[in-house]
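J.: below are the sequence and a predicted model for it; my questions follow.
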Amino acid sequence: MSARLERDLLAAGQQVVRVPTKLMAQTRKSARSRGKSDPIDALAVARAVMRETDLPLATHDETSRELKLLTDRRDVLVAQRTSAINRLRWLVHELDPERAPAARSLDAAKHQQALRTWLDTQPGLVAELARAELTDIIRLTGEINTLAQRISARVHQVAPALLEIPGCAELTAAKIVGEAAGVTRFKSEAAFACHAAVAPIPVWSGNTAGQMRLSRSGNRQLNAALHRIALTQIRMTDSRGQAYYQRLQDAGKTKRAALRCLKRRLARTVFQALRTVHQPSSEHTQPAAACHRSYCSRSCLSG
């Protein structure tokens, strides 16, 4: 219901602001009135928007919405295939423990065909169910590969600047564009880093001045994409990312702390690349895809 309301408000030309549920709850607790109801929640949301003037807007340009829908669909298919592979491996293990294939091998056609040939020689219900699972895996693999090709072609059209970043392949670039949901909604690269959960959070007082902790909120999909890029750059010989990572370790930082610093630096690079990807105009703005991992789908009007 809230997603449909958001779409209708956007279609009517209204500005929709997403208020995190935690912020709404904190505002409600600080009010003099007690209890919880729709009117109380609505008032808490309105007060939160008036107090916090830089909350994210619910917008999606056509490009980011398209890539988000495609990558989300691929993620669903990959999860389904993984479940089918796990079930198949148990069935094959029951037929012959020594024939159980490696989990990561069944996305390749040659391994699928080899297993199919062997299963066709096995009698009984277990073999029949195993063949059915393998058929599903082959079908899902075909759909996943088709989607990956479509995503790759689209990313090369709309986000070549992202692909120039070492370690950022097509699927990662598509995930970044889709989850960013229009980079122009971020007032700065620091706001983008906060949204991607790579900006450190201060937790100091008195003698602990300067102490920071890792952010556990934000968009975890964006965070995972930056994490993949960082790990790839660390493994790349003579890359700027590896040199920066090693320099931080030489300065006394732990591997984990150096990785966090590299991810924060990558957020700045990705933000700059995104600004060259797509500049949406108001007439091409579309409702946001129905995904609210970090923010409450309650919407309120501002202005």
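T.: Cool, got the structure.
J.: so where's the protein uncertain?
T.: 1-3, 32, 60, 208-212, 277-303 (pLDDT under 70).
J.: let's see 80
T.: Scanning the chain with the threshold set as pLDDT under 80 gives 1-4, 6-7, 10, 18, 20-38, 40-41, 52-62, 103, 201-217, 277-303.
J.: would you map the strands across it?
T.: For the chain, the strands defined by DSSP state E cover 16-18, 60-61, 201-202, 212-213, 285-286, 299-301.
J.: got the contact list for Q80?
T.: Neighbouring residues of Q80 by C-beta atoms under 8 Å, 6 or more residues apart in numbering: 136, 140. (C-beta placed from N, C-alpha, C; glycine too.)
J.: hmm, 7 Å instead?
T.: L140 (C-beta atoms under 7 Å, 6 or more residues apart in numbering).
J.: also the one 4 residues further on?
T.: Contact analysis of A84 by C-beta under 7 Å, 6+ apart lists 133, 136-137, 140.
J.: out of these, name the ones that lie in helices.
T.: Using DSSP state H, the subset of the contacts of A84 located in helices is 133, 136-137, 140.
J.: okay if I get these as a markdown table plus neighbour count and distance to L226?
T.: Formatted as a markdown table, the ones in helices among the contacts of A84 follow (neighbours: other C-beta atoms under 10 Å; distance: C-beta to C-beta, whole Å):
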| residue | neighbour count | distance to L226 |
| --- | --- | --- |
| E133 | 22 | 35 |
| D136 | 17 | 33 |
| I137 | 22 | 31 |
| L140 | 21 | 28 |
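J.: farthest-separated two in those residues?
T.: When C-beta to C-beta is used, the two most widely separated members of the ones in helices among the contacts of A84 are E133 and L140, lying 10.5 Å apart.
J.: how far away is Q246 from Q233?
T.: 11 Å (C-beta to C-beta, to the nearest Å).
J.: coming back round to it: turn the ones in helices among the contacts of A84 into JSON lines, including distance to A103.
T.: Shown next, in JSON lines, are the ones in helices among the contacts of A84 (distance: C-beta to C-beta, whole Å):
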{"residue": "E133", "distance to A103": "13"}
{"residue": "D136", "distance to A103": "16"}
{"residue": "I137", "distance to A103": "11"}
{"residue": "L140", "distance to A103": "15"}
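J.: and which of those residues is nearest to D75?
T.: L140 (12.3 Å).
J.: what sits against the closest one?
T.: Neighbours of L140 in contact, by C-beta under 7 Å, 6+ apart: 77, 80-81, 84.
J.: closest one of the contacts of A84 to G178?
T.: Of all the contacts of A84, L140 has the smallest distance to G178: 21.1 Å, by C-beta to C-beta.
J.: what sits closest to the closest one if chain neighbours are left out?
T.: R81 (4.2 Å; C-beta to C-beta, 6 or more residues apart in numbering).
J.: go on, D54?
T.: Leaving aside its sequence neighbours, D54 sits nearest to K187 (C-beta to C-beta, 6+ apart; 6.3 Å).
J.: for P56, see how far away the one you found is.
T.: Between K187 and P56 the computed distance is 10 Å (C-beta to C-beta).
J.: of these two, who's got more company?
T.: Neighbour tally, K187 and P56, criterion other C-beta atoms under 10 Å: the higher count belongs to P56, 21 against 10.
J.: tell me what the nearest residue in space to the more buried one that is not next to it in sequence is bridged to.
T.: Excluding its sequence neighbours, the residue lying closest to P56 (C-beta to C-beta, 6+ apart) is R18, at 5.4 Å. Taking DSSP bridges, one obtains S299 as the residues bridged to R18.
J.: I figured R18 hits A58, correct?
T.: Yes - with contact defined as C-beta atoms under 7 Å, R18 counts as touching A58 (5.2 Å).
J.: contacts only, for A100.
T.: A100 neighbours (C-beta under 7 Å, 6+ apart): 89, 92-93.
J.: what about 10 Å?
T.: Counting by C-beta atoms under 10 Å, 6 or more residues apart in numbering, A100 makes contact with 88-94, 115.
J.: ok, now G142?
T.: Neighbouring residues of G142 by C-beta under 10 Å, 6+ apart: 77, 109.
J.: measure it to T135 for me?
T.: In this view, G142 and T135 are 11 Å apart by C-beta to C-beta.
J.: do the same with A180
T.: With distances taken as C-beta to C-beta, A180 is found 38 Å from T135.
J.: more neighbours, those two?
T.: Using other C-beta under 10 Å, the more surrounded residue of A180 and T135 is A180, with 28 against 13.
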